[in-house]
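J.: Model the structure of this input:
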Amino acid sequence: MARYTGPKVRISRRLATNIFENEKGRKALERRPFPPGQHGRTRRRNAGSEYLAQLQEKQKAKFIYGVLERQFRRTYEEANRLQGPTGENLLRLLEQRLDNVVYRAGWAETRPQARQFVSHGKILVNGKRVDIASARVKRGDVVSLSEKARGMIIVQHNLDTLDRVTVGWLEKGDEGKQVTVRELPQREHIDVPVREQLIVELYSK
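T.: Below is the predicted model of the structure:
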């Protein structure tokens with residue numbers, strides 16, 4: 001299972017966004033709202049360049065959804081073949097990942113934690129265990145916690161404390177331990193801080 005395992009706060013500071021949605025990243029950005037490194041406060045190289053802005057938006061999307069370069073490129077090419085704006089299609093395909101649904105359901109505090117729940121077999125899709133984080137949900141799919149996951153302290157803690165608002169394309173059930181995909185996500189449902197048009201411009205060069 002390929003995934004990014006390097007320093008997370010450094011990535012968040014470089015992209016000026018709490019990419020991994022954790023408390024450590026939030027505090028680091030508050031204390032040091034500038035890029036990492038010895039010259040982070042005074043870095044000017046390529047500042048404001050069009051290419052840098054496009055690259056940073058791609059990096060944001062990759063790290064937020066936990067996708068490496070080759071898989072991200074394949075997802076972009078698939079989005080480009082679909083009808084409608086390519087950038088919106090890209091975000092919609094990423095949003096349909098199973099680990100993202102687990103995060104959206106409020107069962108995991110962060111997407112990396114959601115990915116771990118999926119890979120450890122804690123998630124069911126239509127009653128069957130699915131341990132592939134990149135598996136894509138479809139309209140009508142029912143995603144639920146396994147019996148073992150329902151008894152996990154961390155899952156119950158997340159359900160009790162996160163109070164995450166359910167996005168419009170998902171419907172909660174079974175006391176919050178099950179979600180149904182009512183419809184495929186639309187752009188207005190996706191709140192990630194990414195300007196998808198810049199990604200399209202980058203790949204269109």
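J.: Name the residues of stretch 113-131 that are buried.
T.: Buried residues in stretch 113-131, defined by neighbour count with 16 or more other Cβ atoms under 10 Å: 113-118, 122-125, 130. C-betas here are computed from N, CA, C, even on glycine.
J.: Quick one: end-to-end length of that stretch, please.
T.: One end of stretch 113-131 sits 13 Å from the other (Cα to Cα, to the nearest Å).
J.: Helices along this protein, start to end?
T.: Assigned by DSSP state H, the helices in the chain fall at 8-15, 23-31, 50-65, 69-81, 86-95, 98-104, 111-119, 147-150, 153-161, 196-203.
J.: per-domain residue ranges of the chain.
T.: Using automatic domain parsing, the domain parsing of the chain gives 8-94, 97-184.
J.: re earlier: let me know which of the helices of the chain is the nearest to Asp141.
T.: Minimum separation from Asp141 across the helices of the chain (Cβ to Cβ) falls at helix 98-104, 8.5 Å.
J.: Turn the domains of the chain into JSON lines, columns for mean pLDDT and distance to Asp191.
T.: JSON lines is the format used below for the domains of the chain (pLDDT from 0 to 100; distance: least, Cβ to Cβ, whole Å):
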{"stretch": "domain 8-94", "mean pLDDT": "79", "distance to Asp191": "10"}
{"stretch": "domain 97-184", "mean pLDDT": "95", "distance to Asp191": "8"}
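J.: still on that earlier bit, out of the buried residues of stretch 113-131, who's nearest Asn80?
T.: Nearest to Asn80 out of the buried residues of stretch 113-131 is Arg115 (Cβ to Cβ; 25.4 Å).
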